[in-house]
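Chemist: could you work out the structure for the sequence below:
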Amino acid sequence: MFKSKAINAQGSVLAIDDGTGVAIVDITAITKANPASVSSVAAGVAEGDLVRFGAVTDMPEIAGMVGVVVATGAGTFDVNIDASGFALAGGAGVAEHLNFIAGCEAKTFSGFDGQAAEVDITTLCSTAREYLMGLQDFGAFQFDVNLVPNDPFQIECNEAKAARERRTFTLTFPPGEDGKVFEYVFDAFVRQFSIAGGVDQAITGSVNLRVTGEPALIEVTW
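Modeler: Below you'll find the model as predicted:
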């Protein structure tokens, strides 16, 4: 007999990185592997932490990428980044250990509503319009909150909007029927933070994000 593994939205947690990431120093090597293994004596990270990479000698592809720490060892940690197709293994570099603020006043969420571009390749000899599909566009991500002006999460969203800064967001779902936990990790700009209220209503806020890059959906195993 079929039994759905649907996930209840109640208990989901939306979070924003607070822009005060801690530098990870002394990165000396990154393997060309899946997952990528990072050598860093002063890593100071634990499984489940998120790390954003800066410039890395011999591995330019990893710059700007965010990875989840999936394992730690003596002077090393592995991230869920597939570096096996990168041109070269990495040498010396820098990274940032991200810190997050949870938005527990969030009420609803929706998003990743973009569409891939259509590339018109129609010619004079075509008998109908012809297309190729362009790059993926993950569009916008919206959420509503109970407006609490001194809530750290809402303050951070407004500060990111004012500074026009790209931030990393996470959306962590509660366990499903099978006990598994999944989390979206994505980068976005805060485009809008509007408010609304009325008679016999709580004051609410509506936040609109512009997603940049490709969100990662990961299974939380730590």
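Chemist: show me which residues of stretch 179-191 are buried.
Modeler: 183-190 (16 or more other CB atoms under 10 Å). To be clear about C-beta, it is placed using only N, CA and C from the backbone, and glycine gets the same treatment.
Chemist: can you give me the pLDDT of Ala117?
Modeler: At Ala117, the pLDDT value in this model is 92.
Chemist: could I get the contacting residues of the closest residue to Asn99 other than its chain neighbours?
Modeler: Nearest residue to Asn99, sequence neighbours excluded (CB to CB, 6 or more residues apart in numbering): Asp18, at 5.1 Å. When the contact criterion is CB atoms under 8 Å, 6 or more residues apart in numbering, the partners of Asp18 are 99-101, 152, 156.
Chemist: so which of these sit within helices?
Modeler: If you go by DSSP state H, the contacts of Asp18 have 152, 156 in helices.
Chemist: now, which of the contacts of Asp18 sits nearest Gln201?
Modeler: Closest to Gln201 out of the contacts of Asp18 is Pro152 (24.0 Å), distances taken as CB to CB.
Chemist: if the spatially closest residue to the closest one that is not a sequence neighbour is in a bridge, with which residues?
Modeler: Nearest residue to Pro152, sequence neighbours excluded (CB to CB, 6+ apart): Ile101, at 5.0 Å. Note on Ile101: beta-bridge partners by DSSP bridges are Ile16.
Chemist: of the contacts of Asp18, select the buried ones using a ChimeraX command.
Modeler: In ChimeraX, this line selects whichever of the contacts of Asp18 come out buried by 16+ other CB under 10 Å:
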select :100,101,156
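Chemist: got TSV for the contacts of Asp18, with distance to Pro174 and pLDDT too?
Modeler: Shown next, in TSV, are the contacts of Asp18 (distance: CB to CB, whole Å; pLDDT from 0 to 100):
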residue	distance to Pro174	pLDDT
Asn99	22	90
Phe100	17	94
Ile101	19	96
Pro152	22	97
Glu156	23	97
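Chemist: what's the closest of the contacts of Asp18 to Ala196?
Modeler: Closest approach between those and Ala196, by CB to CB: Glu156, at 20.7 Å.
Chemist: quick one, what contacts that closest one?
Modeler: Taking CB under 8 Å, 6+ apart as the criterion, Glu156 is in contact with 16, 18-19, 101, 167.
Chemist: if I look at it, how far off is Ala71?
Modeler: 29 Å (CB to CB, to the nearest Å).
Chemist: same deal with Thr127?
Modeler: Distance from Thr127 to Ala71, by CB to CB: 55 Å.
Chemist: who has more neighbours out of those two?
Modeler: Ala71 (14 against 6; other CB atoms under 10 Å).
Chemist: pull out the buried positions in stretch 66-73.
Modeler: Here stretch 66-73 shows 66-70, 72 as buried, counting by 16+ other CB under 10 Å.
Chemist: now tabulate these in a markdown table and tack on distance to Glu214, secondary structure and pLDDT.
Modeler: As requested, the buried residues of stretch 66-73 are exported to a markdown table (distance: CB to CB, whole Å; DSSP: H, G, I helix; E, B strand; the rest coil; pLDDT from 0 to 100):
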| residue | distance to Glu214 | secondary structure | pLDDT |
| --- | --- | --- | --- |
| Val66 | 11 | strand | 87 |
| Gly67 | 13 | strand | 87 |
| Val68 | 14 | strand | 88 |
| Val69 | 19 | strand | 90 |
| Val70 | 18 | strand | 88 |
| Thr72 | 26 | strand | 88 |
